[in-house]
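1. A predicted structure for the sequence below; I have some questions about it.
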Amino acid sequence: LSMTDLALFATSIVFWWFQEHILHRKALHSNFDRMGKRIHEAHHDRPYHHVSIDSAELIMGWLLTVHVFLRAVLPLPLALSATIGYATAGLFYEWAHYIVHTKVKPKRGSFWARVRDNHMRHHKINEKYWLAFSVPGIDDLFGTNPNVKEARREKIGK
């Protein structure tokens, strides 16, 4: 592996983190009526112990699309490195999202506790905020990590 391979692997993981936030905000919480949005709304209706894991067909179709795009702009070895990084981030997201919606209780103060708390705030306090998942700190960058009390007041209109 070259340094370029490693850089593309890492860059595609970071890209996933930002894409995750943007797609969550712009597609899953948009005003447009579409299948993905309806599935996401059903997920919000049952946030505990209901996990909406994407189907293998959707995951493989998405990864194939990403790989075809990457292959169009990169030589095959580099496209593979970027695709593997992107897939790693995506599969981490799927696994972590599954765990967050189970009865697993992470150790207080751990990274996993922050992931769970961040995601449950999004579900239970205010859907406009806490849109990041894999890396909760992304919400700080996008301004979607407000004070919990303020977000709760905003939700109920007070």
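-> Looks like it arrived, so ask away.

2. all contacts plus neighbour counts: C-alpha atoms, from now on.
-> Noted.

3. How many neighbouring residues does residue 92 have?
-> 13 (other C-alpha atoms under 10 Å).

4. OK, contacts around it?
-> Residue 92 makes contact with residue 134, according to C-alpha atoms under 8 Å, 6 or more residues apart in numbering.

5. tell me which element it is part of?
-> Assigned by DSSP states H and E, residue 92 falls within helix 76-100.

6. so residue 118 touches residue 133, yeah?
-> Yes: using C-alpha atoms under 8 Å as the test, residue 118 is close enough to residue 133 to be in contact (7.4 Å).

7. re the thing from before, now the helix holding residue 92: buried residues?
-> 78-90, 93-94, 96-100 (16 or more other C-alpha atoms under 10 Å).

8. can you pull out the strands in the chain?
-> Shown for the chain, no strands are assigned by DSSP state E.

9. By mean pLDDT, flag the weakest helix or strand of it.
-> Ranked by mean pLDDT, DSSP states H and E, the helix or strand of the chain with the weakest confidence is helix 35-45, at a mean of 64.

10. what's the burial count for residue 140?
-> Residue 140 has 12 neighbours, counted by other C-alpha under 10 Å.

11. how far away is it from residue 27?
-> Here the criterion is C-alpha to C-alpha, to the nearest Å. By it, residue 140 lies 20 Å from residue 27.

12. now residue 16
-> 15 Å.

13. And these two? Which one has more around it.
-> Between residue 16 and residue 27, residue 16 has the larger neighbour count (other C-alpha under 10 Å), namely 20 against 16.
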